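[1] Just a sequence and a predicted model for now, questions to come.
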Amino acid sequence: DQQVKQNSPSLSVQEGRISILNCDYTNSMFDYFLWYKKYPAEGPTFLISISSIKDKNEDGRFTVFLNKSAKHLSLHIVPSQPGDSAVYFCAASVYNAGNMLTFGGGTRLMVKP
Amino acid sequence: DVKVTQSSRYLVKRTGEKVFLECVQDMDHENMFWYRQDPGLGLRLIYFSYDVKMKEKGDIPEGYSVSREKKERFSLILESASTNQTSMYLCASSFGGSGANVLTFGAGSRLTVL
């Protein structure tokens, strides 16, 4: 049973608009969440993270929102650019239990010029 | 710049062959990980190691073993490859200690088992 789920396998957005990628988790022990981006033929690269003591973290065009009661997080990209086209993975961990990450299935984002 | 290098980008092996996937990191990281990536399933943890000669099973260790004889090197071994082990294999490393340190990934090794 997947503890971290990304229910949208793909998302298509027009350049300049907002991209919203969603992620749900079931394990209430998770208290640290990360987003990774992956281009074809490359390894995933870290994008942004959020601790459960926060409900929002922002880094330039990227913002992650966390709703603990709903066990839901989302990644907002504003404005979206063609270079953002990639697969995005949501990951969760228990902060003081080492660096073991549980990943979602990924969402392929396509930003059209 | 942190670098995780996976020696083989593409491999084609036959069922029953022994397969070695090598991973080297150059940032003196304590932790090293092996994941496999499959469509719709995301990244699943096979094994990890938090120190030389130490290893822990991840979520899907069956059919795999690992070796960590030196801090910078973590090898994944498929003793007898099977077709259901066709996948993308990703190695990662991170600093140890408490907290949640960011994992740095290698570029991946795509294995096809015929």
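    Great, that's in hand. Numbers count the residues shown, from 1 in each chain, chains lettered A, B, ... in the order given.
[2] only C-alpha atoms for contact and neighbour calcs from this point on.
    OK.
[3] packing partners for the helix or strand encompassing B:V66?
    Assigned by DSSP states H and E, B:V66 belongs to strand B:65-70. Packing partners of strand B:65-70 (3 or more Cα pairs under 8 Å, 6 or more residues apart in numbering or on different chains; DSSP states H and E): strand B:42-49, strand B:73-78.
[4] Given that strand, what are its sheet partners and their directions?
    Strand B:65-70 has the following sheet partners, assigned by DSSP bridges: strand B:73-78 (antiparallel).
[5] per-residue confidence for residue 45?
    Just going to use chain A. Looking at A:T45, its pLDDT stands at 94.
[6] oops, I was thinking of chain B
    If you check B:L45, the pLDDT there is 93.
[7] tell me the contacts of the residue nearest to it when sequence neighbours are not counted?
    Of all residues beyond its chain neighbours, the one nearest B:L45 is B:Y35 (4.4 Å), with distances taken as Cα to Cα, 6 or more residues apart in numbering or on different chains. B:Y35 sits next to B:43-47, B:89-92 when contact means Cα atoms under 8 Å, 6 or more residues apart in numbering or on different chains.
[8] Show me how to select, in ChimeraX, the buried members of the residues you listed.
    Restricted to buried positions by 16 or more other Cα atoms under 10 Å in any protein chain shown, the ChimeraX selection for those reads:
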select /B:43,44,45,46,47,89,90,91,92
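[9] Closest one to chain A out of the contacts of B:Y35, please.
    Of all the contacts of B:Y35, chain A sits closest to B:L43, with 5.7 Å by Cα to the nearest Cα.
[10] Bridged to that closest one, which residues?
    Beta-bridge partners, per DSSP bridges, of B:L43: B:Q37.
[11] Could you check how many residues crowd around A:R61?
    For A:R61, the tally of surrounding residues (other Cα atoms under 10 Å in any protein chain shown) stands at 12.
[12] Could you tell me what pLDDT the model assigned to A:A70?
    96.
[13] Next, work out how far apart it and B:L114 are.
    44 Å (Cα to Cα, to the nearest Å).
[14] Who has more neighbours out of these two?
    Neighbour count, other Cα under 10 Å: between A:A70 and B:L114, B:L114 has more, with 14 against 10.
[15] Could you check how many residues crowd around A:D59?
    Neighbours of A:D59 under the rule other Cα under 10 Å: 11.
[16] ok, now which ones touch whatever residue of chain B ends up closest to chain A?
    Ranked by Cα to the nearest Cα, the top residue of chain B for proximity to chain A is B:G42, at 3.6 Å. By Cα under 8 Å, 6+ apart, the contact list for B:G42 reads A:89, A:103-106.
[17] if I've got this straight, the residue nearest to B:L45 is in a strand?
    Yes. Remark: B:Y35 belongs to a strand, assigned using DSSP: H, G, I helix; E, B strand; the rest coil.
[18] Look up how far B:Y89 lies from it.
    B:Y35 is 6 Å from B:Y89, by Cα to Cα.
[19] Also B:G42?
    11 Å.
[20] if we can go back for a sec, in ChimeraX, select just the buried ones from the contacts of B:G42.
    Buried residues among the contacts of B:G42 (16+ other Cα under 10 Å), as a ChimeraX selection:
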select /A:89,103,104,105,106
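[21] I'd like to know which of the contacts of B:G42 is nearest to chain B.
    For those, the nearest to chain B is A:G105 (3.6 Å; Cα to the nearest Cα).
[22] Can you classify that closest one as helix, strand or coil?
    coil.
[23] What score does the residue minimising distance to the centre of chain B have for pLDDT?
    Chain B has B:W34 as the residue nearest its centroid, 2.6 Å off, counting by Cα atoms, centre = their mean. Looking at B:W34, its pLDDT reads 97.
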